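Chemist: Pasted the sequence and its predicted model underneath.
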Amino acid sequence: MSTQKLLVIGQGDIGLPVTNKLAQEGLSVTGLARRERSHYQLDDSAKFMQADALTLTVEKLKDFTRIAVIVTPDEYSTSGYNDSYLSICQHLATLASELTNLERVVFISSTGIYGQNEGEWIDEHTAPVSPERDGSKIILQAEQALQQGFGNKAIIIRPSGIYGRERLMRLRKVKEAQKEPIAAKDWSNRIMDRDLVTIIINVLTIDTPKSIYIATDYAPVTTLELITWLSEQVGETLPEVDDKKTAVTGKRLHSNIPLAWLTYPDWQVGYQDILHH
């Protein structure tokens, strides 16, 4: 890896720790973001490029051997997704033929691209049913733009619901005085944010990655089971079942992440960590 030159486009909640860990491991890594360096808590040994990804040229990218695209939209709207995920991937794809040093471009997508919603099991070989959400449709188009531009150099990571010590939406819901009744058979999937950082680093640095990773833990769980368990852990009232919602919904994701990459192989291990911090 000593000859690799890595670029991480996006220095948000996931991109920044990816850049910092790569730098701490002694690798040549550049973080790219739109604001000046002082805005980001970058490791001193990481390089930095202040730029809008849509303005990147062959000249600026020609030395990089591996690129990770870890972006979030400025706003969660159709135009926000178009202006971030899709525009960046389309722009990079137009430069593909001239980036002769580039071996790999890793795109952080989403399992939202799977429109399946009847409790189906999904693995890396499952073709996505067209998703209902416009944002998810646009992310799927972004994947396809990269694959068309870069062929087998394009590696897709699809994370499920990201949670962590600062991502506490479920815990907040558990502590609400008036809990909404919960459907009995709504499946959900999650990945701890720290594990996602590890996954991205491994996919960037191993010799022969797979073309698609479903970045999720090893234990899909119904929302009802999760909220009930969390409520018990923190001594809150248990949720009621919504008798009107009897259909099986959601999906069950079959992880293809090596178990050795995961510190939190299931949601209980992850939430125990959060509750004890």
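Modeler: All right, it came through fine. Treat the numbers as computed from the prediction; the structure is a model and nothing was measured. Numbering: from 1, shown residues only.
Chemist: Tell me which residues of stretch 132-140 come out buried.
Modeler: Gly135, Ser136, Lys137, Ile138, Ile139, Leu140 (16 or more other CB atoms under 10 Å). All C-beta spots, glycine's among them, are computed from the backbone N, C-alpha and C.
Chemist: For the third one, report the pLDDT, please.
Modeler: What that stands for is Lys137. The model reports Lys137 with a pLDDT of 95.
Chemist: what sits up against the strand or helix carrying it?
Modeler: Assigned by DSSP states H and E, Lys137 belongs to helix 134-150. Contacts with helix 134-150, where a contact means CB atoms under 8 Å, 6 or more residues apart in numbering, come from 69, 73, 76, 78, 80-82, 85-86, 88-90, 92-94, 96, 102, 105, 107, 109-110, 112-113, 115, 128, 130-131, 154, 156.
Chemist: repeat for stretch 95-106
Modeler: Counting by CB under 8 Å, 6+ apart, 5, 56-58, 61-69, 92, 146, 149-150, 153-157, 200, 203-204, 209 sit against stretch 95-106.
Chemist: Would you list the buried entries among those residues?
Modeler: 5, 56, 61, 64-69, 92, 146, 149-150, 153-157, 200, 203-204.
Chemist: Among the residues you listed, which are located in helices?
Modeler: Leu61, Leu92, Leu146, Gly149, Phe150, Ile200, Val203, Leu204 (DSSP state H).
Chemist: quick check, nearest of the residues you listed to Lys245?
Modeler: Among those, Ile200 lies closest to Lys245 (CB to CB), at 35.2 Å.
Chemist: Quick one: the helices in the stretch 51-200 of the chain, in order.
Modeler: With DSSP state H, counting those that start in this stretch, the ranges of helices along the stretch 51-200 of the chain come out as 58-61, 78-81, 87-95, 134-150, 169-174, 193-205.
Chemist: ok, of those, where does mean pLDDT dip lowest?
Modeler: The lowest average pLDDT among the helices of the stretch 51-200 of the chain, as it happens, falls on helix 169-174, at a mean of 83.
Chemist: Can you list the buried residues in that helix?
Modeler: Within helix 169-174, the residues scored as buried using 16+ other CB under 10 Å are Arg170, Leu171, Lys173, Val174.
Chemist: now those in CSV, with distance to Trp187?
Modeler: Output for these, formatted as CSV (distance: CB to CB, whole Å):
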residue, distance to Trp187
Arg170, 15
Leu171, 20
Lys173, 17
Val174, 19
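Chemist: correct me, but Met169 touches Lys175?
Modeler: No - the pair Met169 / Lys175 is not scored as a contact, 11.2 Å apart, by CB atoms under 8 Å.
Chemist: Per-residue pLDDT of Met1, please?
Modeler: On pLDDT, Met1 comes in at 49.
Chemist: just so I know, which of the helices of the stretch 51-200 of the chain lies nearest Gln41?
Modeler: helix 193-205 (14.4 Å).
Chemist: got the contact list for that closest one?
Modeler: Contacting residues not belonging to helix 193-205 are listed as 1, 4, 6, 13-14, 17-18, 21-22, 25, 27, 66, 68, 70, 104, 106, 108, 155, 157, 159, 162-164, 166-167, 191, 209, 213, 215, 217, 257, 261-264 [CB under 8 Å, 6+ apart].
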